[in-house]
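> model the following, please.
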Amino acid sequence: MQTYGEKETLSLRKTMHKITTKPKLVKIRSANQSNKYGIAAINLKELIKKGCNLIKVSSSGIQVCLYEDGTVVTEEYFQNLPDNTELVLLPEGQSWNGLVHEINQVLGFDRHTDLLISAAKDLLSDEQSPKRRRILGDLLRNLRDNSEVESREEDKEWFEGIDARFKTKSAYMKYNCQNRVRGYLKEVDGYTQTIPNAKTKSEYKKVVEILAERLKAARYNGTYFDRSEKDVLRLCTEEGWFSCQGAFDENNCTFLHSINPYGNRESRILFSTWNLDHVIEKKRTVIPALAEALKGGKSGDINVDYFYKLLFTRENLKLVHIVCHKKGAHELRCDSRKIYKRVRTVK
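Numbers count the residues shown, from 1 in each chain. Now for the predicted structure:
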């Protein structure tokens, strides 16, 4: 039996919970109906439950995505959505390609969108407004979406300009990511020439060799861009959608940038402008800190794992749209407690 004090505490906790978990107001609909419903929910689970009751569908296998562009909404993504965001509830097996889906239905298009593409091109050629040009450009990229296919034979246009040894989109995207990471290793190695002290330079080279071996064993972390990899290893959805993770000093992207480079050649090329940004800066901070730590010391004293994670892994890397890539100094330092190995003194 609860005492008076316990009941009072429980009541206070419930009150505080109501205060700190403010419901988010969103609008939901199904892919097959134009009716929209306003819902207040504190999390994605509650949204799905309420939404499925309203549109009369089973909640089993339901996926939530943005009405605007089809981006899949996770729990974390949901918590950062602005109020009145329009969402679509999709039963298992259904897909949503954003506003393009609506346009296709209105104009009577199914998979053949040549007429709509031609009309959008004509409008784009005469349009002067930057905002409208961007909208038309996004529309064209989505209309040409061919992300459901994977092989070179199925989407030859996507592979234009790509070496013939790449037979699938995933293989090329993995290579693309590996190239970026190899570039980071090259920068680490190149710093060797700036170290004046011969002994420090020698120890630095040893660390670089260790980092290179680890990267080689990890296949240069190419899994980050490969949609065929397991969910925990990639930065995209199973369909190939990437979402901007926001500037280095922000928890999320306020612009909700997203892109699917698997969809068409234009999106693939545009994705090359997105950055794998180091939160603690590589050139200004991490590499100099490594060299400084080796002054008067040995490579065996260094916590190589710490530097490996800072230089080459998602622990210190964020995928960001070019707009969210802040080029000024981040003014973040390496953790001095993690630079060296902990050495136990033996008496």
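> which residues in the protein form strands?
24-30, 37-41, 63-66, 85-90, 242-243, 258-259, 275-278, 317-320 (DSSP state E).
> as TSV, these with distance to Lys216 and mean neighbour count would be great.
No exception for glycine: its C-beta is placed from N, CA and C like everyone else's. Shown next, in TSV, are these (distance: least, C-beta to C-beta, whole Å; neighbours: other C-beta atoms under 10 Å):
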stretch	distance to Lys216	mean neighbour count
strand 24-30	45	20
strand 37-41	46	15
strand 63-66	37	20
strand 85-90	40	20
strand 242-243	25	22
strand 258-259	29	22
strand 275-278	19	20
strand 317-320	18	22
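> can you list those strands in TSV and add mean pLDDT and distance to Asp231?
Output for these, formatted as TSV (pLDDT from 0 to 100; distance: least, C-beta to C-beta, whole Å):
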stretch	mean pLDDT	distance to Asp231
strand 24-30	89	25
strand 37-41	91	24
strand 63-66	88	14
strand 85-90	89	18
strand 242-243	92	14
strand 258-259	87	17
strand 275-278	96	19
strand 317-320	96	15
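> which among those strands is found nearest to Arg234?
Among the strands of the chain, the nearest to Arg234 by C-beta to C-beta is strand 242-243 (9.3 Å).
> what sits up against the closest one?
The contact list for strand 242-243, computed with C-beta atoms under 8 Å, 6 or more residues apart in numbering, reads 71, 77, 235-236, 253, 256-261, 271, 274, 319.
> find the centremost residue of this protein, please.
Ser243 (4.0 Å; C-alpha atoms, centre = their mean).
> beta partners of that one?
On the basis of DSSP bridges, Ser243 is bridged to Ser258.
> and it, how close does it get to Asn264?
Remark: distance between Ser243 and Asn264 (C-beta to C-beta, to the nearest Å) = 18 Å.
> and if you look at Lys45?
Taking C-beta to C-beta, one finds Lys45 at 34 Å from Asn264.
> what's the answer for Asp249, then?
The value you get for Asp249 to Asn264, if C-beta to C-beta is used, is 33 Å.
> neighbour count: these two, which is higher?
Asn264 (21 against 10; other C-beta atoms under 10 Å).
> confidence score at the more buried one?
pLDDT, Asn264: 88.
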